[in-house]
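# Got a predicted structure here, sequence first:
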Amino acid sequence: MNVFPDAQQLIGSWLDMLWAERGVSEHTRAAYGRDLKGFASYSAQVGKHLGQVAREDVLAYLGARHAAGHSARSSARALAALRSFYRHCLRQRLIDHDPVALIDNPKVPKPLPKSLSEADVEALLDAPDTDTPIGLRDRAMFELLYACGLRVSELVELSMSQLNLRQGVVRVFGKGSKERLVPMGRAAERWLERYLRSARPQLLAMGESDACFPGRAGKAMTRQTFWYRIKHWAKVAGIEKPLSPHTLRHAFATHLLNHGADLRVVQLLLGHSDLSTTQIYTAVARARLQALHGEHHPRG
């Protein structure tokens, strides 16, 4: 085995390898560098260089980070840096065992999806100028997105053949081309009928298209265009919260659960193949109910 080199020199060569061979961003490279230098400093304080540390030393370091108030997310990143670094050392034959190999990653809590209150949704739905063809199209899109919990790709790619206004359902092709039928509700159905009757023919002009919501030249609207449209109308509505097309999908699921919907029904409507993916919304709904309790209950 080679003599273990100076820590700063080795960290520098490892960081160069990350950039040259793996193409990591400068931001990630800098963060990993800080993590390794912090661990090298900790190791020096306990009288060891980076080539001498054992699994117990890494665990002690993670424990010290926790005691110092570092989040599980930042510790998970630090451990990822150590894992990459020591694999590099093994490949260079600088060590004969990996002190990180048998250490599990810290459990990082999943961030709750950003959602909108029901009042925010109403404000957004009311924002478009429905006296114009584009405003009426946008209103119909917002109503359908919120009523059905569609993914933005499912919405903009929707064809006329997927609508069944007589039965009030939309036939959606989700991830993996999985098909599901989603009820659209009376409000969305009324706006969609009005849009199809008056605005869509004007947007198509003399062109022919099966796209339900045509953009330029009668072609299906792009996701980027719809993102711009929802940002525009959110500004008109005075909504200052971060907003994206996916936010209305989150609001759809959260509001259904707030009003007592069964989790498995919400799973089917969203097109999730795994119930665990849908369960994140129960935390959103619970957080909202706790906030309402704290605000309105006399002993909240």
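On my side now, so go ahead.

# Share the number of residues neighbouring the closest residue in space to L102 that isn't next to it in sequence, please.
For L102, ignoring the flanking residues on the chain, the nearest one in space by Cβ to Cβ, 6 or more residues apart in numbering is R55 at 6.1 Å. In short, each C-beta sits where N, CA and C put it, glycine included. By other Cβ atoms under 10 Å, the residues close to R55 number 14.

# Quick check: R55 vs V169, distance?
Separation of R55 from V169 (Cβ to Cβ, to the nearest Å): 56 Å.

# Any buried residues in stretch 215-231, and which?
G215, G218, A220, M221, F226, W227, R229, I230 (16 or more other Cβ atoms under 10 Å).

# phi, psi of L163?
phi -90, psi 140 (degrees, to the nearest 10).

# Let me see the contact set for it.
If you count contacts by Cβ atoms under 8 Å, 6 or more residues apart in numbering, L163 has them with V170, R171, L192, C212.

# So it versus A72, what's the distance?
Distance from L163 to A72, by Cβ to Cβ: 45 Å.

# got it, and H246?
From H246 to A72 the distance is 25 Å (Cβ to Cβ).

# Touching, R65 and A76? I think so.
No - at 10.5 Å, R65 does not count as touching A76 under the criterion of Cβ atoms under 8 Å.

# of the two, who's got more company?
R65 (21 against 15).

# who's in contact with the helix or strand hosting F226?
For F226, the enclosing helix or strand under DSSP states H and E is helix 223-237. Helix 223-237 is contacted by residues 120, 123-124, 126-128, 138, 141-142, 152-153, 155-156, 215, 243-245, 248 when judged by Cβ under 8 Å, 6+ apart.

# Name the spans of the stretch 51-200 of the chain whose pLDDT lies under the cut-off.
For the stretch 51-200 of the chain, the stretches flagged by pLDDT under 70 are 108-114, 176-177.

# let's go with 80 and repeat that
106-115, 174-178 (pLDDT under 80).

# That one: strands as residue ranges?
Assigned by DSSP state E, counting those that start in this stretch, the strands in the stretch 51-200 of the chain fall at 163-164, 169-173, 179-183.

# any chance of these in a markdown table, plus distance to Y42?
Listed next are the strands of the stretch 51-200 of the chain as a markdown table, based on distance: least, Cβ to Cβ, whole Å:
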| stretch | distance to Y42 |
| --- | --- |
| strand 163-164 | 61 |
| strand 169-173 | 52 |
| strand 179-183 | 52 |
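
# Please work out which of these is packed deepest.
Highest mean neighbour count of those: strand 169-173, a mean of 18 (counted as mean count of other Cβ atoms under 10 Å).

# Quick one, which of the contacts of helix 223-237 are buried?
120, 123-124, 127-128, 138, 141-142, 152, 155-156, 215, 243, 245, 248.

# Pull the most distant pair out of those residues.
Farthest pair in these (Cβ to Cβ) is D120 and G215. Separation: 25.7 Å.
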